[in-house]
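Colleague: could you work out the structure for the sequence below:
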Amino acid sequence: MINTVLCALDISQKNDAEVLNTANKIAKLEGARLDIVTVVPNFRISLVGSYFDENFQNQAVKDAKVALKKRVSDILGEDGVADLRHIVASGSIYEEILETAEQADSDLIVIGAHKPDLREMLIGPNAARVVRHSKCSVYVVRED
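Modeller: Modelled structure (predicted):
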């Protein structure tokens with residue numbers, strides 16, 4: 001039985017409606033809670049972090065939270081977002097998705113995967129890393 005579904009969205013991508021709709025359908029079918037996570041880079045720990053204002057990271061997280069809520073309400077409608085948890089994590093994408101899933105005691109992660117570019121062929125796409133390292137089931141929505 002699935003009690004909690006974690007949907008990982010990249011708010012910088014515009015083609016994530018299918019990922020969110022899939023996660024929402026599964027959650028409704030199972031009577032499960034739907035959590036939605038997006039991850040922003042942690043600007044404080046990188047070499048370039050010293051070039052950013054101290055408040056830049058906090059503002060990036062706030063902006064991402066607003067953008068995430070808007071994206072979700074645009075896709076699911078205002079009525080569909082009342083019971084959802086919107087989570088903005090900061091750091092490595094796949095690590096934060098896995099950490100969020102563990103903290104939320106998620107039974108299923110729904111994540112999108114797109115055709116990898118050359119950079120991802122060398123370091124590995126985030127969806128593949130989530131699938132490989134997740135302690136719960138992962139549903140991958142293939143994006144065109």
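Colleague: quick one, longest helix in this protein?
Modeller: For the chain, the helix that runs over the most residues, judged by DSSP state H, is helix 56-76.
Colleague: counting contacts, what elements does that one pack onto?
Modeller: Applying 3 or more C-beta pairs under 8 Å, 6 or more residues apart in numbering; DSSP states H and E, we find helix 56-76 packed against helix 17-30, strand 33-40, strand 85-90. In this view, the C-beta of every residue, glycine as well, is placed from N, C-alpha and C.
Colleague: which ones are touching Asn42?
Modeller: With contact set as C-beta atoms under 8 Å, 6 or more residues apart in numbering, Asn42 has these partners: 49, 57, 90-92.
Colleague: same check, this time on Leu76
Modeller: By C-beta under 8 Å, 6+ apart, Leu76 lies in contact with 20-21, 24, 84.
Colleague: let me have the residues you listed in a markdown table, extended by pLDDT.
Modeller: Output for the contacts of Leu76, formatted as a markdown table (pLDDT from 0 to 100):
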| residue | pLDDT |
| --- | --- |
| Leu20 | 95 |
| Asn21 | 95 |
| Asn24 | 95 |
| Leu84 | 90 |
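Colleague: top of the residues you listed by neighbour count?
Modeller: In terms of neighbours by other C-beta atoms under 10 Å, the contacts of Leu76 top out with Leu20 at 24 neighbours.
Colleague: ok, it touching Cys7?
Modeller: Yes. Leu20 is within contact range of Cys7, at 5.8 Å (criterion: C-beta atoms under 8 Å).
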